[in-house]
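Novice: what would the 3D arrangement of this be:
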Amino acid sequence: MRQARYLLALGSNMRHAALGSPREVVATAIAALAEIGPVTARSRIIESAPLGPSLRRYANAAALVESELEPAHMLALLKRIERRFGRRRGQRWSARVLDLDIVLWSGGAWSSPELSVPHREFRRRSFVLGPAAQIAGDWRDPLSGLSLRQLNARLTKPSPLPR
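Specialist: Purely as a prediction, here's the structure:
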């Protein structure tokens, strides 16, 4: 396979005994992505409210990584990094030390039983679109044709006041 570009979303809402706060976990995880391939861009780390039952706020970021891996192999390496950081499988949307997701890849759409690219929910998540638009605002969603900047603007623009 030729060199591909991946847009990855990172999140943490649990302190790590050795690494520290969720912000420090995300920063260290971005550095760990270099094991997979060159990290060509990284967003600022933001804080966001949790989804689901977790009460802890998240630290979130996005990174661009280049690799010759196909998405299924990329996912396997991301899961390995998550486990190394102490991630354990459990309740959906529960607190976690590290969450790594493939949002987009330069090959377009990809689907398998374990993985869908683009990520199914990214268009509705400002904690993904905000950081992603910082580093890859012109990247177009292969399904909607809209850029990340456009998707983020649609999601975050104030709704009109009722009359």
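Novice: below-threshold pLDDT in this structure: ranges please.
Specialist: Residues of the chain meeting the criterion pLDDT under 70: 1, 52-55, 89-94, 159-163.
Novice: could you point out which element follows the longest helix seen in the chain?
Specialist: Of all the segments assigned as helix in the chain under DSSP state H, the longest by residue count is helix 71-84. On the C-terminal side of helix 71-84, the closest following helix or strand by DSSP states H and E is strand 99-105.
Novice: how about the CA coordinates for the longest helix of the chain, as PDB?
Specialist: The C-alpha atoms that make up helix 71-84 are tabulated as PDB, following Å, rounded to 0.1, in the frame of the first residue of the first chain:
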ATOM      1  CA  PRO A  71      -7.100   0.800   8.400                       C
ATOM      2  CA  ALA A  72      -7.500  -2.600  10.000                       C
ATOM      3  CA  HIS A  73      -3.800  -2.800  10.800                       C
ATOM      4  CA  MET A  74      -3.800   0.800  12.000                       C
ATOM      5  CA  LEU A  75      -6.600   0.000  14.400                       C
ATOM      6  CA  ALA A  76      -4.800  -3.000  15.800                       C
ATOM      7  CA  LEU A  77      -1.700  -0.800  16.600                       C
ATOM      8  CA  LEU A  78      -3.900   1.900  18.200                       C
ATOM      9  CA  LYS A  79      -5.500  -0.700  20.400                       C
ATOM     10  CA  ARG A  80      -2.100  -2.000  21.400                       C
ATOM     11  CA  ILE A  81      -1.100   1.600  22.400                       C
ATOM     12  CA  GLU A  82      -4.300   2.000  24.400                       C
ATOM     13  CA  ARG A  83      -3.600  -1.200  26.300                       C
ATOM     14  CA  ARG A  84       0.000  -0.100  27.000                       C
END
